[in-house]
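Visitor: A structural model of the following input is requested.
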Amino acid sequence: MVTGKEINVKDFDVVVVGSGFSGAIFARELAEKHNKKVLVVEKRLHIAGNMYDEYNEHNILVQKYGPHFFNTDKAWIIEYLRQYCELVPHAVSGKSVIDGNYVQLPYNFQTIQDLYDLKAAEKLYSKLRNEFKGEERVSIFSLLSCDDEDIKSFAEDLYQKAFKPYTMKQWDLTTEQIDRSVLNRVKFALNFDKRYLNKDFQFLPKYGFTKLFENLLNHRNIEIKCNCDALNHISIQDNIALFDNEIIDCIVYTGPIDELFNREFGILPYRSLEFTFENIKTSTHVLPADFVSFPQDYSFTRKTEYRRFNYERKGQIYSTVVAEHPMEYNPDSNKGNIPYYPTIASGNLETLRKYQEKAETIKKIDACRTIGGI
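Guide: Next up is the predicted model:
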């Protein structure tokens, strides 16, 4: 229950900072399975974190902070979520614009046909199948390090036209500076699989993410305080975390860990985003897929068409398309003040380690390592 009244922390056993997935699930489990009185403190005006969605003026369910989907190989995760929402199967579809033309994303065998003639494609298929027998997807680095000159040439072409410019635009870093795990997230498919992610279970909540979070946090032992910055209430005395100068059972903190400790060891860098929305009157789709990546051109990295995955309401005469403009995260700025993606590089990981070690010395707080907190 969202409350507007004054809060007395003495009425609660646990304070959970943040109402995204980590915070909401912690709150529900503690309230339901351990009978704890839980206060969820949310800095924004709404629950659900970056998954928040709402219907716009054209009756289209819009994810305010960019597109989100469920994808996992773990059946128990889907079963857990089904307690709180109706899930609709949805495999994310993507395209990429290279040299002015749409090509398949994830990059796969169809991408080769999109970029080369049929004879060249046939030759590459044979060589790729022989080189990577038994594998479904491989990283761009595996392709680049291949001994076969034709495969290496194709990989270099794809790397220079897609991976390299997209990385520099998204992260403001070169491909040498960013951790390889970032570029390995979306691998090259050694087949014609059109699913953007190679995951066994892919779904969307039929009635949207916000409704899911409302159900997740709807418990007699949970109260929610929005528009409240928990960092103004948390203090540390004698290695004990306090909330409003009171000791409680625990504070579960799901925000950026460097901000919890006032950036004592330096800032942990994130990338933020600015979104521009466009409403287009049309009876058909605007984009050829759920989202389109633009590695070479424009200031934005991708566009997403929300009407392509609206499952509750139909018959809209407009379509809403959002473009994502990456920028440096700055919590003190009017723009780019929401952390979306942690910048993973060796120096940053060392700084993170220092914060984690410090958090372990503080009693009565659990600094949960989430997407927001790396």
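Visitor: just the strands in the stretch 151-300 of the chain please.
Guide: Taking DSSP state E, counting those that start in this stretch, the strands of the stretch 151-300 of the chain run over residues 188-189, 201-205, 222-225, 234-237, 240-243, 250-253, 270-281, 291-293.
Visitor: So which bits of the lowest-mean-pLDDT helix or strand in the chain are buried?
Guide: Between all helices and strands in the chain, the lowest mean by mean pLDDT, DSSP states H and E belongs to helix 180-183, at a mean of 83. Within helix 180-183, the residues that qualify as buried are 182-183, counting by 16 or more other Cβ atoms under 10 Å. Placement of C-beta: from N, CA and C, glycine included.
Visitor: tell me which strands and helices that helix is in contact with?
Guide: Counting contacts by 3 or more Cβ pairs under 8 Å, 6 or more residues apart in numbering; DSSP states H and E, helix 180-183 packs against helix 140-144, helix 164-171.
Visitor: hmm, back to that, quick one: the strands of the stretch 151-300 of the chain as CSV, columns for mean neighbour count, distance to residue 43 and mean pLDDT too.
Guide: Formatted as CSV, the strands of the stretch 151-300 of the chain follow (neighbours: other Cβ atoms under 10 Å; distance: least, Cβ to Cβ, whole Å; pLDDT from 0 to 100):
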stretch, mean neighbour count, distance to residue 43, mean pLDDT
strand 188-189, 22, 39, 98
strand 201-205, 21, 23, 97
strand 222-225, 22, 10, 98
strand 234-237, 14, 12, 97
strand 240-243, 19, 15, 97
strand 250-253, 23, 12, 98
strand 270-281, 15, 15, 97
strand 291-293, 22, 28, 98
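Visitor: between these, which one is nearest to residue 326?
Guide: strand 270-281 (5.4 Å; Cβ to Cβ).
Visitor: What angle do helix 164-171 and the closest one make with each other?
Guide: Here the directions of strand 270-281 and helix 164-171 differ by 100 degrees (axes from the mean of the first three to the mean of the last three Cα atoms, to 10 degrees).
Visitor: Can you give the distance from strand 270-281 to the centre of its chain?
Guide: 15 Å (Cα atoms, centre = their mean, to the nearest Å).
Visitor: Pull up the pairing partners for it, direction included.
Guide: strand 318-328 (antiparallel), strand 341-342 (antiparallel) (DSSP bridges).
Visitor: Tell me where the model's unsure across the stretch 151-300 of the chain.
Guide: Along the stretch 151-300 of the chain, segments meeting pLDDT under 70 are nowhere present.
Visitor: For residue 157, grab the count of nearby residues.
Guide: 13 (other Cβ atoms under 10 Å).
Visitor: residue contacts, the residue nearest to it when sequence neighbours are not counted?
Guide: Leaving aside its sequence neighbours, residue 157 sits nearest to residue 115 (Cβ to Cβ, 6 or more residues apart in numbering; 7.3 Å). By Cβ atoms under 8 Å, 6 or more residues apart in numbering, the residues touching residue 115 are 98-99, 103, 157-158.
Visitor: Quick one, which of the residues you listed are buried?
Guide: 98, 103, 158.
Visitor: How many residues are close by the closest residue to the second one other than its chain neighbours?
Guide: Closest residue in space to residue 103, ignoring its immediate chain neighbours: residue 114 at 3.9 Å, by Cβ to Cβ, 6+ apart. Taking other Cβ under 10 Å as the criterion, the count of residues near residue 114 is 18.
Visitor: Am I right that residue 114 is in contact with residue 101?
Guide: Yes: assessed by Cβ atoms under 8 Å, residue 114 is found in contact with residue 101 at 6.7 Å.
Visitor: nearest to residue 307, of the strands of the stretch 151-300 of the chain?
Guide: Taking the strands of the stretch 151-300 of the chain one by one with Cβ to Cβ, strand 270-281 is closest: 9.6 Å.
Visitor: In CSV, list the C-alpha atoms belonging to the closest one.
Guide: Listed next in CSV are the C-alpha coordinates belonging to strand 270-281 (Å, rounded to 0.1, in the frame of the first residue of the first chain):
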residue,chain,number,x,y,z
TYR,A,270,27.1,4.3,-15.3
ARG,A,271,25.6,5.2,-18.6
SER,A,272,22.2,7.0,-18.6
LEU,A,273,19.6,7.6,-21.3
GLU,A,274,17.4,10.3,-22.6
PHE,A,275,14.2,9.2,-24.4
THR,A,276,12.4,11.0,-27.2
PHE,A,277,8.9,9.8,-28.0
GLU,A,278,7.0,10.1,-31.3
ASN,A,279,3.4,9.3,-31.9
ILE,A,280,2.6,8.4,-35.5
LYS,A,281,-1.0,7.9,-36.9
